[in-house]
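[1] The sequence and its predicted three-dimensional model are supplied below.
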Amino acid sequence: MKTSDIIVTGATENNLKNISLRIPKGKITVFTGVSGSGKSSLCLDTIAAESRRELNETFPSFVQQYLPKYGRPHVQSIENLPVTILIDQKKPSGGARSTVATYTDIFSLFRLLFSRVGKPFVGYSDTFSFNHPSGSCPRCSGLGEIRELDIHKLVDFDKSLNDEDTIHYIAFGKGGWRWIRYAYSGLFDLDKKIKDYSPEELDLFLNSPQIRLKNPPKNWPKSAKYEGLIPRMYRSIINSEEGLLHASVLNPMLTMGICPDCNGTRLNERVRSCKINGLSLADLTGMSICDALKFVGSIDHPLAQDIKKELSKRLQALIDIGLGYLTLGRGTSTLSGGEAGRIKIAKYINSALTDMVYVLDEPSAGLHPLDIRRLKESLYKLRDHGNTVLIVEHHREIIAMADHIVDMGPGAGRNGGVIMYEGDYAGLLQSDTTTGRMLRNEGVSRECKEPRTPNGWLHIEHANLHNLKDLSVDIPMGVMTVIAGVAGSGKSSLMEHFMTNLAPRDLERYHVTFIGQKDIGINLRSTPATYLEISDSIRALFAKANKVSQQLFSFNSKGACPACKGKGVIVSDMAFMESIETLCELCHGSRYSNEALQYKYKGLNIAEVMEMSVDEALAFFAGEPFEAKLAALSEVGLGYLKLNQSMSTLSGGELQRVKLAESLQRHAQASQKAENKKRENHSGEIYIIDEPTDGLHLDDIRRLMRLFNSMTDEGNTLILIEHSTDVMRQADYLIELGPGGGDDGGRLLYAGPPSGIVNAPAPLV
C-alpha cells in the first residue's frame, strides 16, 4: 500500500499561523487542543475542504452548479491528498421520509428480500417502498402520520375571495396562482363571504374532487381541472414535499397523529399482507436493529442467501458501533448528533473503497464509556481497510488510540493556530502542552471532593415516557447531579418527563432552565454581539462620541460598504462555473463604508472594535453597562470568540455555552432587580444542561466545572446529562439509566454518590 504522507504547506485558514505538517497515510491521526485552537480550521476547513473542492472540479461545469460549493482554502499547497469523506454530526437530509433503514440502504435490501421470498407475492421491489404509490399507505401517503387540516385555521369564513388573506397559505392570496383556480372558475360570487355560501356552494368550494368544468369562463386555463380546497391541500401540499418545505406555515393548521390505517408503518394493506416467517415488512420497521438481525438469521430460503449476507453485514456494523437499539423506522431527523455521526461511520465500514481519507468531527460526542469502546473498534476497521483516518477530538481514549497526534494551541482564537506537538501518545504525555499536562494530571479534579448535602428532594414517580419503564427516582436539590447511561438509555426522556410533570407547588418555588444544543435561531448575520444584544450598545457609544447617526455603524444599514453591500466580498456569477468570491477592494473585507470607518471611539474604528475577541472587548469596554454580558461569555470559556464571528461557524458545544452565558446573565439581572432578595420559599434556580462537555478539551472542561461548582455553591440545583467521567467524578449525586438503549433501557441502575457506582450491580464502566 502506498504510504507517502499528506503534505500541507503554508496553511493560514482562519486563525492558522502559516503552519506546515506531514500527515501519515494509512494511519489514525487525532487533532486535539483547546476549543478555538485551530483543529477544525486545519482538518476540516483546509484538508477536507480542498479535497472536496478539487473532486468537484473533476466534474463537467454543468454538473458543478448542482454540487455543494467549497471555497478555496487559504493554503499554499497540499500534496498527495486522496479523496476525502467528511463524517460530521449533521443529521442526514431527507426530511420526514428518511429513516435509519432507508439512509443505510437496509430498507432497499429488505424490499428485495420480501419481493423474492415473501408470501403471498404482491409485487417487485418498488411495490414495497413507502415512497412509491404502489406501496405507500393511501391515507398518509407513506409518512406514517396523519395531518388533519383544521379548515377554520386555513380559511377566514368572514371574508370573501375578493378580500385579502382569505385563504392563509402560499399563493392562495388574492391574485395568486392558486387563488385563480377558484376565482376564475365561475362557480362562486367573489364578493360573497364564505360563511354565506349555500351548503351546495360550500361543499363544492371545500370538498369537490377533481372535475372538468362545463362551459368555464374564458380566463379559465384550458387544460385545468377544478378541485375543492381540502382535497387539493392534502394532495399537493400536506402529503407532499412542499408541506415539509413550508412546515412553519402549514403545521399550525394541522393536528398531528399516528396514521390509524397503517399504524405508523407507512405501508399499505397489500404490502402488509406479504410475510416471511409470519412477519411483514411493516412489522420489521418497528423492530430494533438487534431484533432485525435475529429475524434475518431465521430465514432459510435458497433465494434469500445472498441478501441475508449483505443485510447481516450492514446490521452488524450498526450494532458494533452501539446503535443496535435504534428501530429501523426511526426518522433520521430525530437522531442526536452523535447517533447521526455513528450511522455515517457504519455506512462506510463495509465500503469496498480503499485509500480514502475519512475526516471525523468529534465522533465521541454524546457517547457513554461503553459506546466509546465500540467506536474505537469501528475506527480501527476503517484504518485497517487501507484508509487514512483524521479525527478532531478531545476524548482521552480516542487521543490514546491514535497512531499520530497533532496538538494545536497554545490558546484559542488569535492565541491559537500553532502546532504545539506532533508525534505519538507517549510523547504527548511527556510534553509541556496544555493537553499533555491535563492528560498527565488525569484531567479535571475538584478541590473539595466531599459531596454536598442536599437541601431537599424532588420526586419522579412512575415515569413511562418513551422507553422509560415505570421509573421512580428522587433528585436532590441544591447539589450537582449527573444523569448517566449509554446512548438511548432514557436520560433525555427522564428530564423531559421531569420538566413536564413538575408539581405546581414546585413550579411556584423554582425557576427551571433547560440548556440544550439545538438551534438557537441563528443565521449567517448572527454574531455573539447581536445574540447578546451588545451591538446596539457599541453603536450607541460610537454615535454619541462622534455626534452622528447610530445606523452609520451597522453594515446592515447606512454603514454598509456601497460596493459589496456589507458582505465583505464580491460574488461573481460564472453561470455554469462555480461562483467566484473576491475580497471587496473598497472595504478590504471590513463590510463598512469609508465614511463609517473614519469615526473613532477610543482610537479605534467600528470594524476594529467588532474584530475584537470577547476578552479583548471586556478590557476595552470596562465599566460599560454591557460589561456583564461580555463577562458571562468569558466565564463559560468563550472569551476567544470574536464579537463579529458568525454564529453559524460555532460548534454545538459552543452554541450551548452561548445559551448558558445568556441564561446566567438573565438570572443575574433578575437578581439585581430584586435587590438580591430571594423570593419567599425560593431556594435557587434549577439548571438542566444537556451534555455540556461536548466538543470540549480537558482544560475547557476544567474551566466549565469551576463555573458549575460556583453555581451550585450559590444555592442552585444543577442536573447534567453527561458521559464524561471527569464530570461524573465531580458530581455530588449520580443517576445511571440502562442497561442498554431503546427497549433495553429506561431502568434505574444506580442512584447515589459517585463513589458508590463501583460497587453497584451494573457498573458504569
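    Yes, it's here. Numbers count the residues shown, from 1 in each chain.
[2] Check the offset of the helix or strand that contains E50 from the chain's centre.
    Per DSSP states H and E, E50 falls inside helix 49-56. With Cα atoms, centre = their mean, to the nearest Å as the basis, helix 49-56 stands 24 Å off its chain's centre.
[3] Give me the secondary structure label for the residue of the chain most remote from its centre.
    Distance from the centre of the chain peaks at N215, with 54.2 Å (Cα atoms, centre = their mean). With DSSP: H, G, I helix; E, B strand; the rest coil as the basis, the three-state label of N215 is coil.
[4] swap in K174?
    Applying three-state DSSP: K174 is coil.
[5] so what's the nearest residue to L468 once chain neighbours are set aside up against?
    Leaving aside its sequence neighbours, L468 sits nearest to G746 (Cβ to Cβ, 6 or more residues apart in numbering; 4.4 Å). Glycine gets a C-beta too; all of them are placed from N, C-alpha and C. Contact analysis of G746 by Cβ atoms under 8 Å, 6 or more residues apart in numbering lists H466, N467, L468, K469, L471, S489, G490, S493, L737.
[6] From I688, how far out is G746?
    19 Å (Cβ to Cβ, to the nearest Å).
[7] still on that earlier bit, just the ones in strands from the contacts of G746, please.
    L471, L737 (DSSP state E).
[8] Save the contacts of G746 as TSV, and put in distance to A49 and pLDDT too.
    Converted to TSV, these look like this (distance: Cβ to Cβ, whole Å; pLDDT from 0 to 100):
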residue	distance to A49	pLDDT
H466	38	83
N467	39	87
L468	43	92
K469	46	93
L471	45	94
S489	36	88
G490	38	90
S493	38	89
L737	39	94
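[9] Now flag whichever of the contacts of G746 is closest to A304.
    A304 lies nearest to N467 out of these, by Cβ to Cβ, at 31.3 Å.
[10] Now the closest one. Nearest residue, chain neighbours left out?
    With Cβ to Cβ, 6+ apart, the residue lying closest to N467 is G746, at 4.1 Å.
[11] how close does the one you found sit to K469?
    From G746 to K469 the distance is 4 Å (Cβ to Cβ).
[12] How about D156?
    48 Å.
[13] Tell me which of those two has more neighbours.
    D156 (17 against 13; other Cβ atoms under 10 Å).
[14] Touching the helix or strand where V389 lies from outside, list them.
    Using DSSP H and E, V389 sits in strand 388-392. Outside of strand 388-392, the residues within contact range by Cβ under 8 Å, 6+ apart are 6, 23-32, 39-40, 43-44, 47-48, 82, 355-363, 379, 382-383, 398, 402.
[15] In which helix or strand does G257 reside?
    Counting by DSSP H and E, G257 is part of strand 254-258.
[16] And for L250?
    Assigned by DSSP H and E, L250 falls in helix 247-250.
[17] And for that helix, what's in contact with it?
    The contact list for helix 247-250 (Cβ under 8 Å, 6+ apart) reads Y169, I170, I237, I238, G243.
[18] Just give me the closest of these to Q551.
    I170 (32.7 Å).
[19] which residues in the stretch 551-700 of the chain form helices?
    594-597, 606-610, 614-620, 627-635, 652-673, 698-713 (DSSP state H, counting those that start in this stretch).
[20] What mean pLDDT does the first one get?
    Put plainly, it is helix 594-597. Helix 594-597 carries an average pLDDT of 90.
[21] so where's the stretch 301-450 of the chain shaky on pLDDT?
    Applying pLDDT under 70 to the stretch 301-450 of the chain flags residues 337, 442-449.
[22] what's the answer for the stretch 551-700 of the chain, then?
    The low-confidence ranges in the stretch 551-700 of the chain, as defined by pLDDT under 70, are 571-581, 648, 651-653, 667-683.
[23] coming back round to it: report the buried residues of the helix holding E50.
    With burial defined by 16 or more other Cβ atoms under 10 Å, the residues of helix 49-56 counted as buried are A49, E50, S51, R52, R53.
[24] mind checking the end-to-end distance for stretch 329-339?
    The straight-line separation of the ends of stretch 329-339 (Cα to Cα, to the nearest Å) is 15 Å.
[25] Contacts for it, please.
    When contacts are defined by Cβ under 8 Å, 6+ apart, stretch 329-339 is touched by residues 89-92, 94-96, 98-101, 103, 144, 264-266, 285-286, 323, 326, 340, 343, 363-367, 487, 517, 652, 694.
[26] how about a markdown table for the helices of the stretch 551-700 of the chain, with mean neighbour count and distance to I180 added?
    Compiled in a markdown table, the helices of the stretch 551-700 of the chain are given as follows (neighbours: other Cβ atoms under 10 Å; distance: least, Cβ to Cβ, whole Å):
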| stretch | mean neighbour count | distance to I180 |
| --- | --- | --- |
| helix 594-597 | 17 | 47 |
| helix 606-610 | 21 | 48 |
| helix 614-620 | 20 | 54 |
| helix 627-635 | 22 | 51 |
| helix 652-673 | 19 | 44 |
| helix 698-713 | 20 | 58 |
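[27] Need these in a markdown table (columns: distance to R72).
    Shown next, in a markdown table, are the helices of the stretch 551-700 of the chain (distance: least, Cβ to Cβ, whole Å):
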| stretch | distance to R72 |
| --- | --- |
| helix 594-597 | 28 |
| helix 606-610 | 24 |
| helix 614-620 | 30 |
| helix 627-635 | 32 |
| helix 652-673 | 26 |
| helix 698-713 | 31 |
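[28] Would you mind telling me which of those helices is nearest L439?
    Comparing the helices of the stretch 551-700 of the chain by Cβ to Cβ, helix 698-713 comes nearest, at 7.1 Å.
[29] sorry, back to before: ok, the strand holding G257: who's next to it in the sheet?
    strand 145-149 (antiparallel) (DSSP bridges).
[30] now the strand it pairs with, how far from the centre of its chain.
    Relative to the centre of its chain, strand 145-149 is centred 26 Å away, using Cα atoms, centre = their mean.
[31] Where does D189 fall, secondary structure wise?
    Assigned by DSSP H and E, D189 belongs to no helix or strand.
[32] Can you tell me the closest non-neighbouring residue to S364?
    H395 is the one closest to S364 (Cβ to Cβ, 6+ apart), at 4.0 Å.
[33] Nothing else from me, thank you.
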